[in-house]
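*Asks:* sequence plus predicted model, see below.
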Amino acid sequence: MKLLYRIYQWLIAAPIFIAATFVTALITSIGSLIFGTHWWGYYPPHIWARFTCMLLFIKVKVNGRENIDRKTSYIFVANHPGAFDIFSIYGYLNHNFKWLMKKSLEKIFMVGSACRRAHHVFVDDSNIASIKQTISDAEEILRDGMSLVIFPEGSRSWDGKMIPFKRGAFMLASEFNLPVVPITIDGSFKRMPRFTYNITPGTITLTIHEPIFPGERGFNTKRLMAQCREAIESSLPAQDKGESAGKRNSE
């Protein structure tokens, strides 16, 4: 069965996925340029992500959707155990948002330009001026009632356990006084871990936790980071709790 799936993955699903990705990037780019980014920057990739999960026999289960309001802006922070985190959130969070993503992703053929035209926020933490520009870009996005999704670890885990959080997401929450919503992604590491391109069909579970309001609790970056980490970890199985043993923290 595993051999049959591997043949299907590489000979059938992979070419379809590549074609669907470039078509989605083209539609997103053109639609965002002509009609604006609110609909065209979100729904074509949303459909693409769900299609990808179905194509590769990945089921996504969502818990806690009642904790968020479609009309409220949030900063979503999620753990990052595997490649399917992006598809899971894009396809199944069901809340319009922009990504805060690495500047290096802007170089991906067609996809990078589509993300730029859809007004996703690219972060370059190489100097103070770049960080200030990121905050300015994020402010423009959030002014329209949009939300941001951030992986505060900065990169995928090597062993499925969380790696230390970076402060950026929580600094933005303080800057704009927005509620932070922790999201636990469970099962993504088993579907496609960082060290392989082979996929294992199965289920990924998203758990959307209750918002944390920095203003109401007296903002402290370290405390907010700890609260979010504790919430995310609370919905992980025992073997995935704790800090990653891997020291490599960049892609």
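*Replies:* That came through, no problem.

*Asks:* all strands for the stretch 101-250 of the chain, in order.
*Replies:* With DSSP state E, counting those that start in this stretch as the criterion, the stretch 101-250 of the chain has strands at 121-123, 147-150, 180-186, 202-208.

*Asks:* tabulate those strands (a markdown table), appending distance to L105.
*Replies:* Using the backbone N, CA and C atoms, a C-beta is placed for each residue, glycine as well. Output for these, formatted as a markdown table (distance: least, Cβ to Cβ, whole Å):
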| stretch | distance to L105 |
| --- | --- |
| strand 121-123 | 7 |
| strand 147-150 | 14 |
| strand 180-186 | 19 |
| strand 202-208 | 21 |
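
*Asks:* what's near enough to touch P214?
*Replies:* By Cβ atoms under 8 Å, 6 or more residues apart in numbering, the contact set of P214 is 170, 173-174, 177-180, 224.

*Asks:* could you pull up phi and psi at the closest residue to I204 other than its chain neighbours?
*Replies:* What sits nearest to I204 in space, not counting adjacent residues and going by Cβ to Cβ, 6 or more residues apart in numbering, is G187, at 4.1 Å. The phi/psi pair for G187 (degrees, to the nearest 10) reads phi 110, psi -10.

*Asks:* and the next element down the chain from the lengthiest helix in the chain?
*Replies:* In the chain, ranked by residue count with DSSP state H as the criterion, the top helix is helix 14-35. Going down the chain from helix 14-35, the next helix or strand is helix 37-40, by DSSP states H and E.

*Asks:* got the contact list for that next one?
*Replies:* 27-28, 31-32, 96, 117-119, 144, 146.

*Asks:* relative to L11, how far out is the residue lying closest to S188 once chain neighbours are set aside?
*Replies:* Among residues not flanking S188 along the chain, G82 sits closest, at 3.5 Å (Cβ to Cβ, 6+ apart). Distance, G82 to L11, by Cβ to Cβ, to the nearest Å: 23 Å.

*Asks:* residues making contact with stretch 4-12?
*Replies:* So stretch 4-12 is contacted by 56-57, 198-199, 201 (Cβ under 8 Å, 6+ apart).

*Asks:* of the residues you listed, which is the nearest to P211?
*Replies:* Among the contacts of stretch 4-12, L56 lies closest to P211 (Cβ to Cβ), at 31.5 Å.

*Asks:* how far away is that closest one from F195?
*Replies:* As for L56, its distance to F195 is 18 Å (criterion: Cβ to Cβ).

*Asks:* higher neighbour count, those two?
*Replies:* Counted by other Cβ atoms under 10 Å, L56 and F195 do not tie: L56 has more neighbours, with 21 against 9.

*Asks:* list the contacts of the residue lying closest to N96 once chain neighbours are set aside.
*Replies:* Counting by Cβ to Cβ, 6+ apart, N96 lies nearest to Y42, which is 4.9 Å off, once chain neighbours are set aside. Neighbouring residues of Y42 by Cβ under 8 Å, 6+ apart: 96-97, 118.
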